[in-house]
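**Q** Structure, please.
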Amino acid sequence: MKKVICCIMLLVAGQYCFAEDYLVSSVQEATAMLKKAKAGDRVLLKNGTYNNEKIKFENTNGTPNLPVVFAAETPGNVFFEKNSSLSVSGKHVTVTGFTWRNGGSDLGKTSVIELRTAFGKFSDCAIVAYNSVDTIDNKWVSIYGEYNTVSNCLFKDKRNLGATLTVWLTPGTAAHHTISHNYFLGRQNGPNQDNGLESIRIGDSKTSFENAHCVVALNRFEDCDGEIEIISNKSCYNSYLHNTFYKSDGGLTLRHGNNCLVDGNVFDGAGKPLAYGVRFIGEGHAAINNYFYNLPSPKRETFRAPLSLVTGVVNTAINGYFQVRRAYIASNLFVNSGTPHIRVGATPKREGAVLAPDTVKIANNLFFSDTVGGGSVYEEVLSPENATIANNVVIGKKLEAGKSGFTKTALQVRRNGILLVTDNKDQQAAKLMGKAALPKDIKAGANQVSDSIINAISGIKFTIVGVAQVGPSWTHSKQ
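**A** Model (predicted):
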């Protein structure tokens, strides 16, 4: 072990703290140091490749301003291979700069990463094709505890069972995790199964009525073809803000839980035949400011309309289909997608699936097409109870309004690429519509969002998250 910097004196909250950097050449040294590290200490693992390392430590000495840090000597130049894993407990611990690759086959059900922390951070890391046997369910990242952050990571080419990233909830404790600026790339379906291959899952059916208050923001999902649910929401009061779903056979499903917010996301099918947008199940959900583009809306896949409200099941089990109630869908853009763009009453193949959505508001949405496809933008498989449908604008020669509350207009508009739908004065439709806010009487989404995310999306209706905006910083420097 080499003590790189001695006695770095920091003035924090009126007190002097002495933080040190330790450069270590083995995982055993690193673990020993991490267990006793003081607030602000950094344990740096020397560049190189480490095989079959089971890293596990706990540290509670970190503070908000001075976390204990476990980092690569040089970000992107420390590799864990074969069957390595990491489990961290404690509070205010940061893990950064590592890559897991060339392995995973004998991990079994063990997660590659476990964060059992409060105010922990896993950032600037990569997990690439680190797969267990296809039919064995293991997660790449399992998040427990509260107020943890996973940011600027690359998760590439997961193929076996088990969500790429899973949030595990503790009854009675709001998780308040943040998942942001990550690149989810190439999620595959190795076992050829229908379930358990999500990119993100927050909660499960057993904890689906817990108030999680998690934030998933500014991530990019690309070629995520594991299953129908790229994101599976299974808890309450979560926010999905300004993510991009690109060229992926799936979408965002509010599968269990209530009162979630889907705001400012971009869903670009890019030719994938099973791509869709958002699926509503449960109560109090809201979708605003989203951009649905080039989504096929296949007729035989009723759950895969750009936006669908699912029929509820009478006396449903906790893992079944709860009735959609108090749904709010406003100020979204639907561009060059298959019809219908909105399907109400998409019915699961379950006995007792007869409960139509109740108390639904669909307002101020824009539907546009300059392609050859046509049809009604709106479809009711079951008519909703207590519906308010108003001020929705339909533009396109072959698009049909289909119902009162949808108005077809001859407004002269054109499209320039994915983003720009403009009028004859070259005003972007997104700007013409403005950025909508939730009405004060609708309480959806997490009760805390970080200042950095608020600042990043402030005044912006939706965000097309590019490759350069996500993943580890060191991957961009190598490009």
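
**Q** Which pLDDT value goes with Ile8?
**A** Ile8 carries a pLDDT value of 45.

**Q** Let me see the residues that make contact with the longest helix anywhere in the chain.
**A** The residue-count maximum for a helix in the chain (DSSP state H) belongs to helix 27-36. By C-beta atoms under 8 Å, 6 or more residues apart in numbering, the surrounding residues in contact with helix 27-36 are 1, 22, 24, 41, 43, 45, 50, 53, 55-59, 68, 70. (C-beta placed from N, C-alpha, C; glycine too.)

**Q** 6 Å - rerun?
**A** For helix 27-36, the external contacting residues (C-beta atoms under 6 Å, 6 or more residues apart in numbering) are Met1, Tyr22, Val24, Val43, Leu45, Tyr50, Glu53, Ile55, Phe57, Asn59, Phe70.

**Q** okay if I get these as a markdown table plus distance to Arg187, secondary structure and pLDDT?
**A** Shown next, in a markdown table, are the contacts of helix 27-36 (distance: C-beta to C-beta, whole Å; DSSP: H, G, I helix; E, B strand; the rest coil; pLDDT from 0 to 100):
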| residue | distance to Arg187 | secondary structure | pLDDT |
| --- | --- | --- | --- |
| Met1 | 39 | coil | 58 |
| Tyr22 | 37 | strand | 98 |
| Val24 | 34 | strand | 98 |
| Val43 | 32 | strand | 98 |
| Leu45 | 28 | strand | 98 |
| Tyr50 | 26 | strand | 98 |
| Glu53 | 25 | coil | 98 |
| Ile55 | 25 | strand | 98 |
| Phe57 | 30 | strand | 98 |
| Asn59 | 32 | strand | 98 |
| Phe70 | 27 | strand | 98 |
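
**Q** Is it possible to mark the buried ones in those residues?
**A** Tyr22, Val24, Val43, Leu45, Tyr50, Glu53, Ile55, Phe57, Asn59, Phe70 (16 or more other C-beta atoms under 10 Å).

**Q** For Asn138, give its distance to Asn102.
**A** Computed as C-beta to C-beta, to the nearest Å, the Asn138 to Asn102 distance reads 17 Å.

**Q** So between the two, which is more surrounded?
**A** Neighbour count, other C-beta atoms under 10 Å: between Asn138 and Asn102, Asn138 has more, with 22 against 16.

**Q** what's the more buried one in contact with, if anything?
**A** Per C-beta under 6 Å, 6+ apart, neighbours of Asn138: Leu107, Lys109, Ser132, Gly162.

**Q** Quick one: the residues you listed as TSV, columns for distance to Gly345 too.
**A** Converted to TSV, the contacts of Asn138 look like this (distance: C-beta to C-beta, whole Å):
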residue	distance to Gly345
Leu107	43
Lys109	38
Ser132	39
Gly162	32
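
**Q** Mind checking which of those are in helices?
**A** Going by DSSP H, the helices hold none of the contacts of Asn138.

**Q** so which of those residues is the most crowded?
**A** Ser132 (26 neighbours).

**Q** Kindly confirm whether my reading is correct that that one touches Asn160.
**A** Yes. When contacts are counted by C-beta atoms under 6 Å, Ser132 is listed as touching Asn160 (4.9 Å).

**Q** Can you list the residue ranges for helices in the protein?
**A** 27-36, 429-433, 451-457, 473-477.

**Q** Of these, which is nearest Ala330?
**A** Ranking those by distance to Ala330, with C-beta to C-beta as the measure, places helix 429-433 first at 9.8 Å.

**Q** same question for that closest one, mean pLDDT?
**A** For helix 429-433, the per-residue pLDDT averages 57.

**Q** Now for the residue most central in space within the chain: which residues touch it?
**A** Closest to where the C-alpha atoms of the chain average out (C-alpha atoms, centre = their mean) is Val216, at 4.6 Å. Each residue near Val216 by C-beta under 6 Å, 6+ apart is listed here: Ile179, Tyr240.
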